[in-house]
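Student: below: sequence and its predicted model.
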Amino acid sequence: MKTILISIKITVAFCIILFGGYVMVLWGFARLVTPNEGQAEVLTLDGKVVGATNVGQEFSDMKYFWGRPSAVDYNGGGSGGSNKAVSNPEYLKEVGVRIEQFLESHPYLERKDLPSELVTASASGLDPHISPLAAEVQIQRIADARQMKVEYIAEIIVNTTHKPLVGQPYINVLELNIALDSAILNENKG
Amino acid sequence: MNYEILGVALQVLVLVALSYPLGRYIAKVYRGEKNFMDFLTPFENCIYKVCSIDPNEQMGWKRFLKVLLILNLFWFVWGMVLLFIQGGLPLNPDNNIGQSASQAFNTCISFMVNCNLQHYSGETGLTYFTQLFVIMLFQFVTAATGMAAFAAVMKGMGSKTTQTLGNFWVYLVRTLTRILIPLSMIVGMLLILDGTPMTLEGKQTLTTLEGREQVISQGPVAAIVAIKQLGTNGGGFFGVNSSHPLENPSYFTNMVECISILFISMSLIWCLGFYLKRRKFAACIFGVMFLAYLTTVGIAVHQEMGGNPEIATMGISQLNGSMEGKEVRFGSAATALWSMTTTVTSNGSVNGMHDSLTPLSGMLAMLNMQINCWFGGVGVGFMNYYIFIIIAVFLSGLMVGRTPEFLGKKIEPKEMKIAVIIALLHPFVILCGTAIASHLAVNDPTLAAAWLSNPSFHGLSQMLYEFTSSAANNGSGFEGLSDNTPFWNISTGIVLILSRYLPIIGQVAIVGILAQKRFVPESAGTLKTDTVTFSVMTFAVIFIIAALAFFPALTLGPIAEYLTIK
């Protein structure tokens, strides 16, 4: 009986210690050091919020770079991967269809140059990134849709590529598309 | 490509380098020696006073276990109640509802036993209140429970003849105040600096660049992720765990989180050496575990970077490896490293979908959990290895015709019986569970269709993985299995309880019984346990008992899958 009483007391004590001495400290720290007071960071275009930096969003318009397939249609309120086994015949058929569709929208592209990440679903269904290679294969399509120069778009890609000290270089698709749109905005203003 | 391998090597190096000093520090904490956190002593005394704990009480092994189990039972009630009524509690900005009875049962058990199997998705299945006061609380206290048991085991092993194993409450409190909270604080801050949310605000709603509405789940993520990684818990804030770009936003956070998985488990092996003043003995154990870990990492990295052979036949480029169920910012090598790191410990967090791993990596993930003693969960990992040491000592004793002795204590039939039962319990619950589930699935195709997201060999792997993960208290999954059904909630719940508490009881009992025996000083005739020969012997025992028991099941699952896709 005495042990049960101690159990109750110590559990409540731990709750108080953890909330006051740990959760609230981190919460305060986040408010101090992050621009968004600990909330998910967002990106803006022309002063308007257009998405969270670290949450991928769907792009299907011809004038934007596309991200990776998502098993949950980029639902940021949930998340999920396809959970398909590498040997699953149904899944492989789906990948085949994705390859055909991608090649159809990019007729100039050779099959062997298509990076697999553009036809396989990410783990979270919210992957905000693609590799520089996966962006390069899309340049021609966007240049055609926007009537922009290929070299100009290639330059934007170089400028938005992140090169971490360790790990592979990557591109945030939303950042890249915002850079594209704001390039046009600036041109119009200028 | 080479950068990826370099990244993996760097993570392993940093991990080993940091674990050594931490091990020395933890030994000081449990020995009660002077250390730089002593300024907390008055605060800890205050906790003892408020909770009417007598910190000077010395507990025998039976009393120690009784207190541990009563406290855990109380936590079960606490968790059940809160999960059930969470819809009406504060800190629920997204208006999520309470869990169903079978789901609350499973969630509560799985967090209570430090497993963190999740049959719900964090975004919708919990509120911030239960995230903090059930999930996060349990992640701290159950890790501390495992480490307290480990401290008792060390005390028993280190004493010549003793009736007592120390004070459970003191171990528990010190583990929290001096090890888990400070480390989590550092990790949490690093995560916040690189973009992990830490807020009590509810979901954000945004309009995307193409004009669609998108809802963004967030919350007190950093606080929970830090202890989830360090305490070998693994229950993520979001449904997809650390593959979620808010839970794990960059390669840097990925390194921090991946290192945190093994950090404490690894340092406890060094801690053992410092505590017992037998550093060579600890180094031998470390060597066996580390080599086994590196081997699995090597194979998995190679497999994942090699890509999916079935997709290779479609003629597209797989420069980045097998990318299904992986994230671009980590790449396939770091995901392979994580999948092995999380399964050698009982962590179970993931940064990619294990269901979509190539067959051999998937098999190694299972094998790691089936062996369940390469580093293992905080505290309990070494204790599993300890069982195999006892068996190895006994077998070697028989082989050379001497009385088996370990650290100056005779190993006799009573301890051997407990050790063997514990060692065989693990394959028993996993294989029986999988057998029952596959029997049901085979006889009822609608059930198979409802449960499994993949046909054929991989379908069996999904069920085998679920029971393996439950029995190893790991908590990762082949998540294509639709496991939020009464069958899976209850069957895995039972497996979880059996395989958390029976081993702890058995291990503490063996140590307690051995500690009471008369101390026999070492002589020329004593079997040396800190040699390479004995390490190989222990490895052989583990391999024969643990690994070979599962070989037939693995052949039907991942090995068959591997052979058919070539």
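Tutor: Arrived safely.

Student: low-confidence regions, chain A specifically.
Tutor: Chain A contains residues with pLDDT under 70 at A:188-190.

Student: report the contact partners of the spatially most central residue of it.
Tutor: Centroid-nearest residue in chain A, with CA atoms, centre = their mean: A:Pro128, separated by 0.5 Å. Shown in contact with A:Pro128 (CB atoms under 8 Å, 6 or more residues apart in numbering or on different chains): A:Thr53, A:Asn54, A:Val55, A:Gly56, A:Gln57, A:Gly67, A:Asn172, A:Val173, A:Leu174, B:Pro245. All C-beta atoms are positioned from the backbone trio N, CA, C, and that covers glycine.

Student: ok, then the element right after the lowest-mean-pLDDT helix or strand in chain B?
Tutor: The helix or strand of chain B with the poorest confidence is helix B:122-125; it has a mean of 77 (mean pLDDT, DSSP states H and E). The helix or strand immediately downstream of helix B:122-125 is helix B:128-130, counting by DSSP states H and E.

Student: do a quick rundown of the strands in chain A.
Tutor: A:42-45, A:48-52, A:129-130, A:161-162, A:170-172 (DSSP state E).

Student: so which of those strands gets nearest B:Ala226?
Tutor: Judged by CB to CB, the one of the strands of chain A that comes nearest to B:Ala226 is strand A:48-52, at 21.3 Å.

Student: the closest residue to A:Ala85 other than its chain neighbours sits in which helix or strand?
Tutor: Leaving aside its sequence neighbours, A:Ala85 sits nearest to B:His458 (CB to CB, 6 or more residues apart in numbering or on different chains; 3.8 Å). Per DSSP H and E, B:His458 falls inside helix B:456-471.

Student: name the helices or strands packed onto that helix?
Tutor: Using 3 or more CB pairs under 8 Å, 6 or more residues apart in numbering or on different chains; DSSP states H and E as the contact test, the elements touching helix B:456-471 are helix B:359-371, helix B:413-443, helix B:445-451, helix B:486-516, helix B:548-554, helix B:560-565.

Student: quick one: which of those is nearest B:Lys155?
Tutor: helix B:486-516 (8.0 Å).

Student: and that closest one, how far out from the chain middle?
Tutor: In terms of CA atoms, centre = their mean, to the nearest Å, the centre of helix B:486-516 is found 14 Å from the chain centre.

Student: domain ranges for chain A, per the record?
Tutor: A:1-39, A:40-189 (automatic domain parsing).

Student: quick one, which of those domains is packed in tightest?
Tutor: Ranked by mean neighbour count, the domains of chain A are led by domain A:40-189 with a mean of 19 (mean count of other CB atoms under 10 Å in any protein chain shown).

Student: quick one: the strands of chain A as JSON lines, columns for distance to chain B too.
Tutor: Formatted as JSON lines, the strands of chain A follow (distance: least, CB to the nearest CB, whole Å):
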{"stretch": "strand A:42-45", "distance to chain B": "7"}
{"stretch": "strand A:48-52", "distance to chain B": "5"}
{"stretch": "strand A:129-130", "distance to chain B": "4"}
{"stretch": "strand A:161-162", "distance to chain B": "9"}
{"stretch": "strand A:170-172", "distance to chain B": "5"}
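
Student: looking at the ones you listed, which is closest to B:Leu424?
Tutor: Across the strands of chain A, closest to B:Leu424 is strand A:129-130 (CB to CB), at 46.4 Å.

Student: in its sheet, what does the closest one sit against?
Tutor: Applying DSSP bridges, strand A:129-130 is found paired with strand A:170-172 (antiparallel).

Student: and the spatially most central residue of chain B, how close does it get to B:Val225?
Tutor: Closest residue to the average C-alpha location of chain B: B:Ser346 at 1.3 Å, with CA atoms, centre = their mean. The gap separating B:Ser346 from B:Val225 is 17 Å, by CB to CB, to the nearest Å.

Student: pick out the shakiest of the helices and strands packed on helix B:456-471, pLDDT-wise.
Tutor: Out of these, helix B:445-451 stands lowest, with a mean of 85 (criterion: mean pLDDT).

Student: which residues are in contact with B:Pro197?
Tutor: B:Pro197 is in contact with A:Ala30, A:Gly38, A:Gln39, A:Ala40, B:Gln218, B:Gly219, B:Pro220, B:Val221, B:Ala222, B:Leu246, counting by CB under 8 Å, 6+ apart.

Student: any idea what sits nearest it, other than its immediate chain neighbours?
Tutor: Closest to B:Pro197 by CB to CB, 6+ apart is B:Gln218, at 4.4 Å.

Student: residues near the one you found, how many?
Tutor: When neighbours are defined as other CB atoms under 10 Å in any protein chain shown, B:Gln218 has 27 of them.

Student: just say helix, strand or coil for it.
Tutor: coil (DSSP: H, G, I helix; E, B strand; the rest coil).

Student: I'd say it and B:Glu201 touch.
Tutor: Yes - in this structure, B:Gln218 is within contact of B:Glu201 by CB atoms under 8 Å, at 6.9 Å.

Student: which residues are in contact with both of those two?
Tutor: Common neighbours of B:Gln218 and B:Glu201 (CB under 8 Å, 6+ apart) are A:Gln39.

Student: show the contacting residues for residue 75.
Tutor: Since you didn't name a chain, this refers to chain A. A:Gly125, B:Gln214, B:Val215.

Student: hm, I was asking about chain B
Tutor: Taking CB under 8 Å, 6+ apart as the test, what B:Trp75 contacts is A:Ser7, A:Thr11, B:Met112, B:Phe138, B:Val141, B:Thr142.

Student: I'm done for today, thanks for sticking with me.
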